[in-house]
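>>> got a predicted model here, sequence first, then my questions.
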Amino acid sequence: MASVNPFNLSDSEEEAERRPNETVDTERSPSDGAPGPPPGNPFSPPADAEPPTLLLSSNRTSPSGEGISVSAAGTSAMAGSTEARVSVDVIAAQLLRDQYILTALEFHTELLEAGRELPRLRDYFSNPGNFERQSGTPPAKDQVLGPGGPLNRAGSISTLDSLDFARYSDDGNRESDERVAVLEFELRKAKETIQALRANLTQAAESEVPSQERKNFKSSPEIQEPIRPLEKRALNFLVNEYLLKNEYKLSSITFSDENDDQDFELWDDVGLNIPKPPDLLQLYRNCGTPLPSPRDTVDVSVGVDFGDLPGNCIAQEPPKKPDLSQQQQTEVVQELEYQISLLNNEKQSLAEQIKKLQSEIQTLKRTVSSPPPATLDLGTQSASNLSSSSTTTACSTDPLSVPPTDNGQYLDIRGVSEAGNDTTSVQNTSHPQSHNKLKSQPPVQFDQPNRKLSPVFQQALLSFCRMCSDSRLGAEVSRIADSEESVMLMLGRCLPHIVPNVLLAKRERMVAHLCQELIPLILCTACLHPEPKERDQLLHILFNLIKRPDDEQRQMILTGCVAFARHVGPTRVEAELLPQCWEQINHKYPERRLLVAESCGALAPYLPKEIRSSLVLSMLQQMLAEDKADMVREAVVKSLGIIMGYIDDPDKYSQGFELMLLSLGDPSERVVSAVHQVFIPAFAAWTTELGTLHTALIPSLLARIEKLLNQGEHGLDEHKLHVFLSALQSLIPPLFAVVLQNAPFTSRAKLHGDIPAIEVTRFPRPASPLQDVATIIGSREMLSALLLLYDHQLEHEGTTGWDSLLWVVNQLLPQLIDIVGRINVTSSTCVHEFSRFFWRFCRTFGKIFTNTKVKPQFQEILRLSEENVDASAGNGILTKATVPIYATGVLTCYNQEEDRKLLVGFLEDVMTTLSLSHAPLDSLKASFVELGANPVYHELLLTVLWYGVVHTSALVRCTAARMFELLVKGVNETLVAQRVVPALITLSSDPEISVRISTIPAFGTIMETVTQKELLERVKMQLASFLEDPQYQDQHSLHMEIIRTFGRVGPNAEPRFRDEFVLPHLHKLALANNSQVTESKRIDIATQLFEAYSALSCCFISEEVMVNHFLPGLRCLRADMEQLSPEHEVILSSMIKECEIKVENRGMSDAQG
């Protein structure tokens, strides 16, 4: 018995059936090499057993009887024979075979903790099929475990690796706890399944870039392979880890906020099914050293053959019906396998093509000395121009042949498929017969518009086309288009049958795949198919491929359409693509109409010029007028702007002007924004070439503004004024560009030498790249050179012969100043709009122009001299909107010390002049309101007001006191305490009673807005002195001003101030007015009291104040109104009745309480 394996024996009846040739020893104890356990405790090891040489559990006791039995068996066996050491895999196989699941689980746990994971146990416990719930399977009758009878196990063994065994007793009835354990187990298994799927996705993502493109990236180091999403997330994780390790915590927080879709605490969140790489420092240190060869490390695994084990080691479970989640996982796996197969097919085809091309290249090298030019290129580029430098050169010369490098990344077929061009040359040489028809086609020619747009401007304009940034589609279109004609015929037959039969259940998941893979096939087939009917059907499929295409899908379709247009030329674009757009112009889904609108702009460069300015323009005009979706009209406006960049028919100017006015009046802000960003700059560029920007377009807008002002006697339409003025504002950059481009010095501008950079604040921030003066001119270097000459010309040489600038100075500015003098100065909206316009105008044309051309014209109109103080003609303009617009739009353009002094002096002169001439203060108030909205000017305005406080004239001091009321609301409380309140207290003790009265509104505003108790108490004391000082008892105007102020600020003031100060004093004033002898004063006070009480009646007033002050004051006022104004008396009676009811209801509720 020295070599007997104790685990070859079993006490189960099942084992006896499996091994009929065994002897009757199968009914014995589980161990042959040692006596059985004592009968009193069948689960205890024998007392005289030797120490075991193989431990199944080193530091814990198994909660199961089976585990202890097997442990005892192993111990006995080892005691009997210390020479043989049993493999742990054999032990695991025996445990699983005899269904000692709990002991096997314990054994598995011990091995895991020791770092010796056993594949057999790992595979068994990770397979959900081994743990399906067994219903109603009692233990075998012959399995007697001891005097205690059969051992009850857990009711389900489906979650053995997730059960908390301490919760289970021997009754086996803890169903609820078992259910929780089952769910925990299923959750863990689902996570493992997800991990496995992520591994597949990682593999698919690694194969995402086609092998031909990988070859291009490797062969051309200067071409950077685009970063994949998984790579980006991995690098983000490493960067954040580096920042944390090196104490850049704030940078780490900011970096985490900018990548809020990623969990930087967990590497698994990256999505890569690979171990975490070393940190950035380690990668940097190892970047120059070669990595060790894979041959240096070898993975070794040790196991036992199934044939070496007695019998079947793993219990066979009956096949189970897969649940719904498994079916979904199966579908996902099938989808991934399908994509992998597509990638493998593409890889194989590319490999075959590479081999074929290599052999042909070798043949050509032996027969010819140089390759012939490519005949299928879309422009005039030859096969030798395959370098990136030649592509860049073409980009700067012909924006139609090579797209812009702007952020729109317009589709570049040649730039991406350079190898394809080389391939074309080789194929055409080696297969002259099969490609004879293709070689006979001349290069595609497009209608070049008779325009002079700068390449930069044209690129910026085309960047508003919603193109797909990945130009793989264009490359595929170009590559497939060079295939055999028979292939195209086959695709034409098959594609109409493929698309409708895609399973509806999977169609939504496969939409992106359909777009990426079907669009090139559809377009290439439509390019080369000989039958017009089949081509029309294919393009119809393209535009109806997706029911409601989103942004990304529309970009794919547009990119494909542009590639198609480049290949087939303008005639077929007009005959085949435009009808598809026309059919969908009234589609019920806005996404489809949006596709039409975007297509019109994207295809504009590839259409015949007469179609651009007729059919396409009419289509877009119809959609702009009729479509109800904002996003569609927005796309229409952008496409109209692109059309304006290519149109060259002067007769269409009036239509373009009407389209501009129509779109500017659109109710949607996003549409109006698109007008200013795209349409107006493109339209202005066209009118600049026509020479009508300053002769027709701007004068037309000014005429409409003047017409509005003439019709505004009964109320100005401020919205229309805003529309026209905003359009004028968007025309300032192109107007300045015209001035620079038509200057006497333009021909002298040089781009060599040291050209200083343009200051960042030189121009206002443009609303879009198309409003950037540098974009309009062509480059920042050219603009910088022109600006140097521009400033020198203005400062030293004058404007003689400079017609465009002379028009601005002699016609535009005087007309604008005249319009400004006619708008309503009390309209803060109009004042603000014109102020912003002049600010942008002056900042664009520069400081020298503003100081020498703009300011003198305003100063001539305003005439701020002492001898004109009493002249009525000189004072009229000071009451107009010219004053605030000059102060806030012109004098604030530049913020140097001399500019601030000029602004302070102007406001002081205006305040003095208006006060001494008893003129209305509306223009000064408008200036203070507009400037007070910007905290930068608060100190400056306080300086102006202090000038008025200490002025010798009481009229000027009164004006200063009234201006404080406008300034208090926007100034912070520190300035109020330090500058405003001291000035007001100084004025409140002025010898002139009118000055003291003028301070009351400002004091009231402080009570309304300030929260500091000290300030409030000072103001309260000053107001109390006005009311209680005997010298003011007969001051009718003071009482009127106080009542008016109380009615204005009372509802918003602090409740305590209102109850303890405002209402009691109103009561006193109403009581005193009953005894007023002068009827006119009595009616004035009564009317003002009525307004104040009406405003205060909406406030919550305590019962005590209501009874003691509010109601008595109302009754006194009613007594006056009975004699002076019966209609007011009726209203007062109603108010008194409501207040009395409130008092009664409060008394009843208090009594009940």
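Here it is on my side, so go on.

>>> this structure: strands as residue ranges?
Applying DSSP state E to the chain gives no strands.

>>> have a look at it and report its longest helix.
Counting residues, the longest helix found in the chain (DSSP state H) is helix 324-367.

>>> that one - contacts with which helices or strands?
Contacts defined by 3 or more CB pairs under 8 Å, 6 or more residues apart in numbering; DSSP states H and E place helix 324-367 against helix 175-206, helix 211-219, helix 418-430. For every residue, glycine as well, the C-beta is placed using N, CA and C.

>>> residue 236 contacts residue 259, doesn't it?
Yes. Counting by CB atoms under 8 Å, residue 236 touches residue 259, with 5.4 Å between them.

>>> can I see the domain layout of this structure?
Using the TED database, the domain ranges for the chain come out as 229-277, 455-671, 1068-1152.

>>> pick the most buried one from the ones you listed.
domain 455-671 (a mean of 19; mean count of other CB atoms under 10 Å).

>>> first-to-last residue distance for that one?
Taking CA to CA, to the nearest Å, domain 455-671 runs 26 Å from one end to the other.

>>> avg pLDDT for it?
Domain 455-671 carries an average pLDDT of 81.

>>> do the same with stretch 111-123
The pLDDT scores in stretch 111-123 average 86.

>>> using PDB, write out the CA atom coordinates for that stretch.
What follows is stretch 111-123 as a C-alpha-only set of coordinates in PDB (Å, rounded to 0.1, in the frame of the first residue of the first chain):
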ATOM      1  CA  LEU A 111      -4.000  28.500  -3.600                       C
ATOM      2  CA  LEU A 112      -4.900  32.000  -4.700                       C
ATOM      3  CA  GLU A 113      -3.700  33.500  -1.500                       C
ATOM      4  CA  ALA A 114      -0.400  31.600  -1.900                       C
ATOM      5  CA  GLY A 115       0.000  32.900  -5.500                       C
ATOM      6  CA  ARG A 116      -0.500  29.400  -7.100                       C
ATOM      7  CA  GLU A 117      -3.600  29.600  -9.100                       C
ATOM      8  CA  LEU A 118      -4.700  26.300 -10.500                       C
ATOM      9  CA  PRO A 119      -6.200  26.400 -14.000                       C
ATOM     10  CA  ARG A 120      -8.600  23.500 -13.300                       C
ATOM     11  CA  LEU A 121     -10.200  25.200 -10.300                       C
ATOM     12  CA  ARG A 122     -10.100  28.600 -11.900                       C
ATOM     13  CA  ASP A 123     -11.900  27.300 -15.000                       C
END
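
>>> which parts of it are buried?
111, 118, 120-121 (16 or more other CB atoms under 10 Å).

>>> in those, find the pair that's most separated.
Largest separation among the buried residues of stretch 111-123 by CB to CB: 111 and 120, giving 10.4 Å.

>>> residue 784: what's it in contact with?
Taking CB atoms under 8 Å, 6 or more residues apart in numbering, we find residue 784 in contact with 755-758.

>>> from those residues, list the buried ones, please.
So, by 16+ other CB under 10 Å, the buried ones in the contacts of residue 784 are residue 755.

>>> can I get the contacts of residue 784 in a markdown table with pLDDT and distance to residue 1070?
Compiled in a markdown table, the contacts of residue 784 are given as follows (pLDDT from 0 to 100; distance: CB to CB, whole Å):
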| residue | pLDDT | distance to residue 1070 |
| --- | --- | --- |
| 755 | 77 | 77 |
| 756 | 81 | 73 |
| 757 | 83 | 71 |
| 758 | 85 | 68 |
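
>>> which among the contacts of residue 784 gets closest to residue 1057?
residue 758 (55.5 Å).

>>> tell me how far the residue nearest to residue 918 when sequence neighbours are not counted lies from residue 887.
Nearest in space to residue 918, with sequence neighbours left out and distances taken as CB to CB, 6 or more residues apart in numbering, is residue 955 at 7.4 Å. Distance from residue 955 to residue 887, counting by CB to CB, to the nearest Å: 21 Å.
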